[in-house]
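> Sequence first, predicted coordinates after that:
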Amino acid sequence: MSNTIPSGFSFDNTSAPASGGVPDIRKDRVRVVGLMSKKPGMTDEEFHKYWREVHGPLFAGMEITKKNILKYEQHHYNTAFDQGIAAMGFSVVSYSGVALFEAESYEKIFEVFQSDEYKRIVFPDEAHFIERSKTGFVAGGLTTFIDRK
């Protein structure tokens, strides 16, 4: 497993100020989402149960996670929604869920995934429920337009 930051790579969470009443990109945190591809042969129910009841607590329970991660959420797809989306002309994605990680910086997130604790506890567990080669990540800054609580 190679999960080191490439030499010369830098993280930049800066942006030009917004104009015309458009909200700025937040500077207090960044977000990375993981597009989770379930392990072949698993049912949706098995995937969601394992991810929520076993893997989630493993990840959330690590000391490095408690230190570095501000928010960790799991978004479990609702396959009943697929039919309606397809009828509207949208593509139905092949992922089974989305993992959401928020931290003060991308470096804090990388620290988690590069830690000995992650490599020892969480990385081996991933083989039980995801297909790593088809699971991807998207990183970006946050611009909130609506946030009703």
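Ah, there it is.
> Quick check: His76 touching Gly97?
Yes - between His76 and Gly97 a contact is recorded at 5.0 Å, counting by C-beta atoms under 8 Å. For glycine as for every other residue, the C-beta is placed from the backbone atoms N, C-alpha and C.
> what residues do the two have in common as contacts?
Counting by C-beta atoms under 8 Å, 6 or more residues apart in numbering, the common neighbours of His76 and Gly97 are 48, 51.
> ok, these two, which is more surrounded?
Using other C-beta atoms under 10 Å as the criterion, His76 and Gly97 rank with Gly97 on top: 20 against 15.
> Show the contacting residues for that one.
Gly97 neighbours (C-beta under 8 Å, 6+ apart): 36, 47-48, 51, 74-77.
> Tabulate those in JSON lines, adding columns for pLDDT.
Putting the contacts of Gly97 into JSON lines (pLDDT from 0 to 100) gives the following:
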{"residue": "Met36", "pLDDT": "97"}
{"residue": "Phe47", "pLDDT": "97"}
{"residue": "His48", "pLDDT": "97"}
{"residue": "Trp51", "pLDDT": "98"}
{"residue": "Gln74", "pLDDT": "98"}
{"residue": "His75", "pLDDT": "96"}
{"residue": "His76", "pLDDT": "95"}
{"residue": "Tyr77", "pLDDT": "90"}
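> The residues you listed in strands, which ones?
36, 74-76 (DSSP state E).
> Quick one: buried ones out of those residues?
36, 74 (16 or more other C-beta atoms under 10 Å).
> Can you tell me which of the ones in strands among the contacts of Gly97 is nearest Phe123?
Taking C-beta to C-beta as the measure, Phe123 lies nearest Met36 of these, at 14.8 Å.
> What segments of the chain are helices?
44-50, 56-61, 63-68, 80-87, 106-114, 116-117, 123-126 (DSSP state H).
> Quickly list what Arg71 is bridged to.
Not Arg; residue 71 is Lys. Glu102 (DSSP bridges).
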